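> Pasting the sequence and the predicted model now:
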Amino acid sequence: MKEVRTRFAPSPTGYMHIGNLRTALYTYLIAKHHGGKFILRIEDTDQERYVEGAVDVIYKTLKLVGLEHDEGPDIGGEYGPYVQSERKEIYRKYAEKLVELGGAYYCFCSKERLDALREEAQKKKETFKYDGHCKSLTKEEVKAKLEAGEPYVIRQRIPETGTTTFHDEVYGTITVENSSLDEGVLLKSDGMPTYNFANVVDDSLMKITHVVRGSEYLSSTPKYNLLYEAFGWEIPTYIHLPLILREDGGKLSKRHGDASFEDLYNQGYLPEAIINYIALLGWSPGTEEEFFTLEELVEKFDIKGLNKSPAIFDINKLRWMNGEYIRRKTLEEFHELALPYYQEVITNPDVDLLKLSKLLHTRTEVLDDIYELIDFIAELPDYDVQLYVHKKMKTTLENSKENLIKAYDVLTNLDEWQDEAIHDAIFKLIKDLGIKTGQMMWPIRTALSGKQSSPGGATELLSLLGKEESLKRIKIGIEKLSDKLS
RNA sequence: GGCCCCUUGGUCAAGUGGUUAAGACACCGCCCUUUCACGGCGGCGACAGGGGUUCGACUCCCCUAGGGGUCACCA
């Protein structure tokens, strides 16, 4: 069997949404599973959509998630160049050859004429199809127009009758009427090819064996087949992927502000978690496992597990999975990830950051959660005293105040500010007073955090904030309660 | 609208003629517990509808409905 070669061919829009990323992933997996090559090609034939720095976004993303390509613009390869705008002459040559072969023809129709045609079709509620106006131009007429310097495009010639059939690995065999196919532009008047032409030429020239792309290309695939046939080229194996949809069922797009890989990454989603999650959107290993490294995916990936129906991107599950990835890291690894967040907001030098990481490790699903988790450490929020009242803890404004005062005394006299010592001192106090644990712990925790919930209980927070800050906050709590009660 | 594709719980998703129709997320409850989280246990919840085929359909066929894609000198 010949070497499997797949390609990921994004257009540089500066935005890689997760649908694109998943296509890249599957494309990579298919190649690597068979020990083949994964090629990166930049499809920048639309000069108007050129975005500065967009190619770098692609490199950066692929690198972050570990999808290393074997050939591409940055590393070269046997079949370069790998940027379509640099292959302009190649397309022209093949377009002209296709005209000779009878698979295409020159078209000199103006934009105005085309627009009028389109408008007319719309009025009659018909699908627009080029009317073949220039199809019957004689060789001489074409030559004359060309020599006169008239702008032109090259269009694909499609049989008026018959059907075209292609086979897709996931969708099966699909047949369409040739009469339903539009004779689209292959070579634009600026000399650049359209995607429809460039992808076929490049895939063939670059010896791509498996064409992997989103199912939005399913409806134009018959035209590509006709092109391959006209050139006498071998038709690749098609693998169309089901789309990933937004929560509301629409297609993912930049316009709708759908999260790109970059957005997710910046919010603190881990690349490996993102990859793992999207691998499972549209594909199933057929087992109950759901945690996979890239290497494992390479090993387990099988086209047979691909789904036909579109999948909705569920940020909720990604969140959970990301949290799972975080929890599976060692404390030290997590600490390293969290440190930059701490440094952004925490100025109190008494705070033991490693201890903080211990508390946040199981409470962080996405790194950005850390901000909200630690905000109270930097500054005690201006909380409502009603926070002290907790039914289950059996606390009231009155007993909270009393217990806080008692705790303040005990803690003030505590010299050894260590977890165990703090814990023992408070529990001794609770025992001496004969009250319920929560009646002491809840007020302390509340005074320390000023929040309904906090990462860690009273003991942890006392230890974390340090003696000085802790006493300060308890005092504030006592004052707040006194004010309210007076 | 034409053409193409899709249809198992809110979401992902196993299932390929005979199953109590898995599992995961979310949600709910309980346990653990000094809040929250983690963890443990349990619960809710689905084969879009209608016709066939068959001894028997989630599984095969047809129709309807719903959803999606595509109809550019964008990819």
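Cool, got the structure.
> which stretches of the stretch 51-200 of chain A have low pLDDT?
Scanning the stretch 51-200 of chain A for pLDDT under 70 picks out no residues.
> Quick check: residues of it near RNA strand B?
Listed as neighbours of RNA strand B in the stretch 51-200 of chain A under the rule Cβ under 7 Å from any atom of the strand: A:109-111, A:114, A:118, A:125, A:127-130, A:151, A:153, A:171-172, A:174, A:176-177, A:180, A:182, A:184-185, A:188-190, A:192, A:194-196. Glycine gets a C-beta too; all of them are placed from N, C-alpha and C.
> ok, the closest residue to residue A:218 other than its chain neighbours - contacts?
Using Cβ to Cβ, 6 or more residues apart in numbering and skipping the chain neighbours, the partner closest in space to residue A:218 is residue A:240 (5.2 Å). Applying Cβ atoms under 8 Å, 6 or more residues apart in numbering to residue A:240 gives the contacts A:168, A:170, A:171, A:213, A:214, A:215, A:217, A:218, A:221.
> burial measure for the closest residue to residue A:436 other than its chain neighbours, as a count.
Among residues not flanking residue A:436 along the chain, residue A:394 sits closest, at 5.6 Å (Cβ to Cβ, 6+ apart). For residue A:394, the neighbour count with other Cβ atoms under 10 Å is 14.
> Would you confirm that residue A:394 contacts residue A:438?
Yes. Between residue A:394 and residue A:438 there is a contact under Cβ atoms under 8 Å: 6.4 Å.
> quick revisit: just the contacts of residue A:240 now: which is nearest residue A:418?
Comparing the contacts of residue A:240 against residue A:418 with Cβ to Cβ places residue A:214 closest, at 58.3 Å.
> Once you drop chain neighbours, what's closest to the closest one?
residue A:241 (5.4 Å).
> For stretch A:356-369, buried residues please.
Judged by neighbour count using 16 or more other Cβ atoms under 10 Å, the buried positions of stretch A:356-369 are A:356, A:357, A:358, A:359, A:360, A:361, A:363, A:364, A:365, A:366, A:367, A:369.
> Quickly find the element holding the fourth one.
The one in question is residue A:359. Secondary structure assigned from DSSP states H and E places residue A:359 in helix A:353-360.
> I'd guessed residue A:475 sits against residue A:408; true?
Yes. Using Cβ under 8 Å, residue A:475 makes contact with residue A:408 at a distance of 6.7 Å.
> Compare the two and say which is more crowded by neighbours.
residue A:408 (18 against 15).
> And the strands in the stretch 151-300 of chain A?
A:153-156, A:163-168, A:172-177, A:185-187, A:210-214, A:237-241, A:244-245 (DSSP state E, counting those that start in this stretch).
> by how many degrees do the second one and strand A:237-241 diverge?
With axes from the mean of the first three to the mean of the last three Cα atoms, to 10 degrees defining the directions, strand A:163-168 sits at 80 degrees from strand A:237-241.
> Then the third one?
Going by the same axes, to 10 degrees, strand A:172-177 is angled at 90 degrees with respect to strand A:237-241.
> Now do the buried residues in strand A:172-177.
residue A:174.
> Please compute how far that strand lies from its chain's middle.
Between the centre of strand A:172-177 and the centre of its host chain there is 32 Å, according to Cα atoms, centre = their mean, to the nearest Å.
> Can you name every helix or strand that it contacts?
strand A:163-168, helix A:221-231 (3 or more Cβ pairs under 8 Å, 6 or more residues apart in numbering; DSSP states H and E).
> Deepest-packed of those, please.
helix A:221-231 (a mean of 19; mean count of other Cβ atoms under 10 Å).
> what about it, near RNA strand B?
No. Judged by Cβ under 7 Å from any atom of the strand, helix A:221-231 stays clear of RNA strand B, getting no closer than 8.6 Å.
> among the helices and strands packed on strand A:172-177, which is nearest residue A:470?
Evaluated over the helices and strands packed on strand A:172-177, closeness to residue A:470 peaks at strand A:163-168, with 65.4 Å, by Cβ to Cβ.
> what does the closest one rub up against?
A:173-178, A:181, A:218, A:221-222, A:225-226, A:235, A:238-240.
> looking at chain A, which residue ends up farthest from its center?
For chain A, the residue at maximal distance from the C-alpha centroid (Cα atoms, centre = their mean) is residue A:432, at 56.6 Å.
> List the backbone torsions phi and psi for that residue.
phi -60, psi -40 (degrees, to the nearest 10).
> any idea of the pLDDT on residue A:38?
Looking at residue A:38, its pLDDT reads 98.
> For the helix or strand harbouring it, name the packing helices and strands.
Assigned by DSSP H and E, residue A:38 falls within strand A:37-40. If you count contacts as 3+ Cβ pairs under 8 Å, 6+ apart, strand A:37-40 packs onto strand A:5-8, helix A:18-33.
> deepest of the ones you listed, which one?
strand A:5-8 (a mean of 26).
> Could you list every helix and strand in contact with that strand?
So strand A:5-8, by 3+ Cβ pairs under 8 Å, 6+ apart, packs with helix A:18-33, strand A:37-40, strand A:210-214.
> picking up where we left off before, the residue nearest to residue A:214: neighbour count?
Residue A:241: 27 surrounding residues under other Cβ under 10 Å.
> Let me know whether it touches residue A:282 as I believe.
Yes. Contact criterion Cβ under 8 Å: residue A:241 and residue A:282 qualify, at 6.2 Å.
> shared neighbours of the two, anything?
A:22, A:306.
> how close does the residue in chain A that RNA strand B sits nearest to get to residue A:444?
The nearest approach of chain A to RNA strand B comes at residue A:457, 2.1 Å away (Cβ to the nearest atom of the strand). Separation of residue A:457 from residue A:444 (Cβ to Cβ, to the nearest Å) stands at 9 Å.
> Of these two, give the one with the bigger neighbour count.
Of the pair residue A:457 and residue A:444, residue A:444 is the one with more neighbours under other Cβ under 10 Å, namely 25 against 16.
> Would the helix holding residue A:359 count as contacting RNA strand B?
No. Helix A:353-360 does not reach RNA strand B (Cβ under 7 Å from any atom of the strand); its nearest approach is 7.6 Å.
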